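Peer 1: A predicted structure for the sequence below; I have some questions about it.
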Amino acid sequence: MITISLCMIVKNEEETLERCLKSVDGIPDEIVIVDTGSEDNTKAIAGKFTSRVFDFEWIDDFSAARNFAFAQAAMDYTLWLDADDVLLPEDRDKLLQLKNTLSPTVDAVSMIYHYSFDESRNVTQSNRRFRLVKTSKKFAWVGVVHEDLVAPDTYTYFDSDIVVTHEKPCGGPTSSLRNRQIYERHLAAGRPLNPVDLCHYARELEAHGEFEKAIPYFVEFLAWQGSGDDAQLDLSLFALHTLARCYYMTGDLDKEWECALKSLELDVPRPEFSCRFAERFLKKNHFRQAIFWYELALQDPAAKSTREWGVQNYPFKTWLPHKQLGLCYYRIGDYKRSLHHNELARRYLPEDQDIETNIRLLQRLINESAGEPQAVPTDTTN
């Protein structure tokens, strides 16, 4: 059996820290909590679970804080979580089993991270990250914000099916503004951002609706050659998709189209771009071409590639193409297929009233087998 150090960095996490630690209670052999300046009850809560609570002066650098936490680890392997992460019971059981069975020849274990959900609790975004690493291999963190765990030159790894679930408290403060401000303080101090940080900074700008300002940072990142590995490919496609959205939101549809076409030079069509192609044809009433691309989004031809490490945008391969296929098939008079896709979309969005309206209309049309529709299934853009 391996031994595990759980290493965390925290600040003002009194609402979430205890929940996180209880979700893995009994699994880590030691818990290291590094506090970066809490002004609430965070340190007292941490003290209920461990005596190894450290202070670290916050210097606007998440990697520096995480590397300090990792340096305190004394067990065979180091596990990291954020305070608003939890392991659901089935995943806790999997982690315990992994602790009992993991070969010591494995240097790193990846886990799936579910970090964004819709109102129906469908996962909307996820990725895969190394969560458990061999302490002696000296894995290190890099990046000011949205930091990455960098592996040594040679290592062995195992991709587990353990899921870490992000459970941000309802109404809790957003980290997006904080992240953006950290980047901007670095730039104001004359400290350049590395290419990956440029991409993340652009994403923060896009998230705040500053599309024009985000564009040049995405463009600069995409011009970077980098390592050319799968991780960079995934990040480049993520940046290209978000850049396309920036162009769309600023009305530059030609540039948006260039981004979509560029994606085909990098890899087989990803669902995000398949939906973008489909929308372009749908707006021109080219329904059969739109159907082709929405169907391809559902097939997700790159699903078995290593891109699980990149951001998975589930709406583009679940309810969105189904809902839009319902519209397309309706427009060409294929009411049965339209109904089929609306019903599939309803599985993901059971409270969506547009889908319910569409289903009632289509059921009536199929039963009557004649007559003009009184309403048109609702269009949904991406």
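Peer 2: Yes, it's here. Residues are numbered from 1 along each chain as shown.
Peer 1: next one: phi and psi at the nearest residue to residue 138 once chain neighbours are set aside?
Peer 2: Nearest residue to residue 138, sequence neighbours excluded (CB to CB, 6 or more residues apart in numbering): residue 152, at 6.6 Å. Where C-beta positions appear, they are placed from N, C-alpha and C, glycine not excepted. Dihedral pair for residue 152: phi -70, psi 180, per degrees, to the nearest 10.
Peer 1: quick one: buried residues of the longest helix along the chain?
Peer 2: Counting residues, the longest helix found in the chain (DSSP state H) is helix 230-249. Within helix 230-249, the residues scored as buried using 16 or more other CB atoms under 10 Å are 231-248.
Peer 1: what are the buried residues along the helix or strand just after it?
Peer 2: As assigned by DSSP states H and E, the chain's next helix or strand after helix 230-249 is helix 253-266. Buried residues in helix 253-266, defined by neighbour count with 16+ other CB under 10 Å: 255-257, 259-260, 262-263.
Peer 1: including distance to residue 38, could the residues you listed go into a markdown table?
Peer 2: Below are the buried residues of helix 253-266 laid out as a markdown table (distance: CB to CB, whole Å):
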| residue | distance to residue 38 |
| --- | --- |
| 255 | 44 |
| 256 | 43 |
| 257 | 48 |
| 259 | 42 |
| 260 | 45 |
| 262 | 44 |
| 263 | 43 |
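Peer 1: need those residues in TSV with pLDDT and distance to residue 139, can you?
Peer 2: Shown next, in TSV, are these (pLDDT from 0 to 100; distance: CB to CB, whole Å):
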residue	pLDDT	distance to residue 139
255	98	39
256	97	38
257	97	41
259	98	34
260	97	36
262	97	33
263	96	31
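Peer 1: out of these, which comes closest to residue 201?
Peer 2: residue 259 (18.6 Å; CB to CB).
Peer 1: residue 246 versus the closest one, what's the distance?
Peer 2: 9 Å (CB to CB, to the nearest Å).
Peer 1: same question, residue 18
Peer 2: Counting by CB to CB - residue 18 and residue 246 are separated by 40 Å.
Peer 1: likewise for residue 149?
Peer 2: Taking CB to CB, one finds residue 149 at 28 Å from residue 246.
Peer 1: before we move on, what about residue 368?
Peer 2: In terms of CB to CB, residue 368 sits 46 Å off from residue 246.
Peer 1: ok, now residue 238?
Peer 2: Distance, residue 238 to residue 246, using CB to CB: 13 Å.
Peer 1: how about residue 300?
Peer 2: To residue 246, residue 300 is 24 Å away according to CB to CB.
Peer 1: one more: residue 202?
Peer 2: From residue 202 to residue 246 the distance is 8 Å (CB to CB).
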